[in-house]
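Asks: What would the 3D arrangement of this be:
(one chain, ligands or ions: 2)
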Amino acid sequence: MSDVLTIAMPKGRIFEEAAELLRKANFQLPPEFDDSRKLIIDIPEENMRFILAKPMDVTTYVEYGVADLGIAGKDVMLEEERDVYELLDLKISKCYLAIAGLPNTSTSRVAQKVATKYPNIASTYFREQGEQVEIIKLNGSIELAPLIGLADRIVDIVSTGRTLKENGLVEMGHIGDITSRLIVNPVSYRLKDERIDDIVNRLAEVVDQL
Ligand SMILES: Nc1ncnc2c1ncn2[C@@H]1O[C@H](COP(=O)(O)OP(=O)(O)OP(=O)(O)O)[C@@H](O)[C@H]1O
Ligand SMILES: O=P(O)(O)OC[C@H]1O[C@H](OP(=O)(O)OP(=O)(O)O)[C@H](O)[C@@H]1O
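Replies: Numbering: from 1, shown residues only. Ligands and ions are numbered 1, 2, ... in the order given. As a prediction, the model looks like this:
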């Protein structure tokens with residue numbers, strides 16, 4: 001098993017679409033893959049090991065080389081800025097990063113508060129806009145912040161727009177489109193390039209048909 005290839009899979013909402021993509025590309029994933037609390041799943045037939053990680057941590061496992069490959073949202077890549085290469089846009093888990101707030105929120109006041117799960121993306125964005133803001137890091141339910149006066153605006157993921165709508169918030173800017181990407185550790189790519197290219201080609205064929 002020395003040349004086993006380790007792939008970091010994000011648990012949560014990306015998992016199902018990623019697993020479907022892998023199966024369409026003919027990776028033989030057992031039923032326990034989707035229905036287990038195990039965090040390490042070996043697939044000897046493919047000489048592969050899958051580790052199941054929090055979506056925000058996938059780039060960390062890949063940067064440190066404990067996973068050769070990983071599937072990560074572009075949002076996580078932008079936020080974490082880890083030393084990994086992006087190999088393929090898997091075009092799954094589509095959403096976008098937006099700025100939002102209550103209607104009629106003024107943007108003129110200096111040092112407005114911005115709540116987000118993505119402090120690096122948010123500070124880069126506002127710096128580029130020449131706006132001075134105070135970033136408040138939250139771990140979820142970001143839309144709550146402007147409703148209770150913790151922040152003036154938020155930077156968060158929008159998918160259907162339902163969460164913004166049901167909380168009376170409006171979009172005030174678009175930061176970027178997000179999909180999940182196949183990423184690789186640079187050293188793994190040098191050492192295992194043939195196997196990795198084969199995986200990329202198998203997945204690319206499926207992605208092209210999406
Ligand atoms: N509506 C959405 N909201 C959040 N993330 C989405 C959405 N649609 C797609 N994504 C993608 O899914 C990833 C987040 O997945 P998920 O929500 O399972 O993890 P999480 O935010 O770490 O969740 P939790 O902390 O609640 O476990 C994001 O990095 C993004 O790329
Ligand atoms: O546009 P929508 O389809 O409504 O999706 C967007 C919402 O989904 C995510 O939250 P999530 O469900 O991950 O919960 P969280 O607030 O705990 O992060 C995101 O942070 C938004 O709140």
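
Asks: Around the closest residue to residue 45 other than its chain neighbours, how many other residues sit close by?
Replies: With sequence-adjacent residues excluded and distances taken as Cβ to Cβ, 6 or more residues apart in numbering, residue 45 is closest to residue 28, at 5.1 Å. (Glycine included, C-beta is placed from N, CA and C.) Around residue 28 there are 12 other residues, counting by other Cβ atoms under 10 Å.

Asks: mind listing what the closest residue to ligand 2 within the chain touches?
Replies: Nearest residue of the chain to ligand 2: residue 140, at 2.8 Å (Cβ to the nearest ligand atom). With contact set as Cβ atoms under 8 Å, 6 or more residues apart in numbering, residue 140 has these partners: residue 117.

Asks: per-residue pLDDT, it?
Replies: In this model, residue 140 is scored at 98, pLDDT.

Asks: Equivalent analysis for residue 210, please.
Replies: As predicted, residue 210 sits at a pLDDT of 82.

Asks: again with residue 32
Replies: Residue 32 carries a pLDDT value of 86.

Asks: so what's it up against?
Replies: 38, 41.

Asks: does it count as helix, strand or coil?
Replies: helix (DSSP: H, G, I helix; E, B strand; the rest coil).

Asks: Which positions in the protein make contact with ligand 2?
Replies: Applying Cβ under 6 Å from any ligand atom, one finds that the chain approaches ligand 2 through 140, 141, 142, 143, 156, 157, 158, 159, 160, 161, 162, 163.

Asks: Just confirm the last one contacts residue 147, I think it does.
Replies: Right, residue 163. No - counting by Cβ atoms under 8 Å, residue 163 sits too far from residue 147 to count as a contact (11.5 Å).

Asks: just the CA coordinates of the longest helix along the chain, formatted as CSV?
Replies: Counting by DSSP state H, the longest helix found in the chain is helix 193-208. This file holds the C-alpha atoms of helix 193-208, laid out as CSV (Å, rounded to 0.1, in the frame of the first residue of the first chain):
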residue,chain,number,x,y,z
ASP,A,193,1.9,12.7,-11.4
GLU,A,194,0.8,9.8,-13.6
ARG,A,195,-1.8,8.5,-11.1
ILE,A,196,-3.0,12.0,-10.4
ASP,A,197,-3.3,13.0,-14.0
ASP,A,198,-5.4,9.8,-14.6
ILE,A,199,-7.8,10.8,-11.8
VAL,A,200,-8.0,14.4,-13.2
ASN,A,201,-8.8,13.0,-16.7
ARG,A,202,-11.5,10.6,-15.4
LEU,A,203,-13.1,13.4,-13.4
ALA,A,204,-12.7,16.0,-16.2
GLU,A,205,-14.6,13.7,-18.6
VAL,A,206,-17.6,13.6,-16.2
VAL,A,207,-17.4,17.3,-15.4
ASP,A,208,-17.5,18.1,-19.1
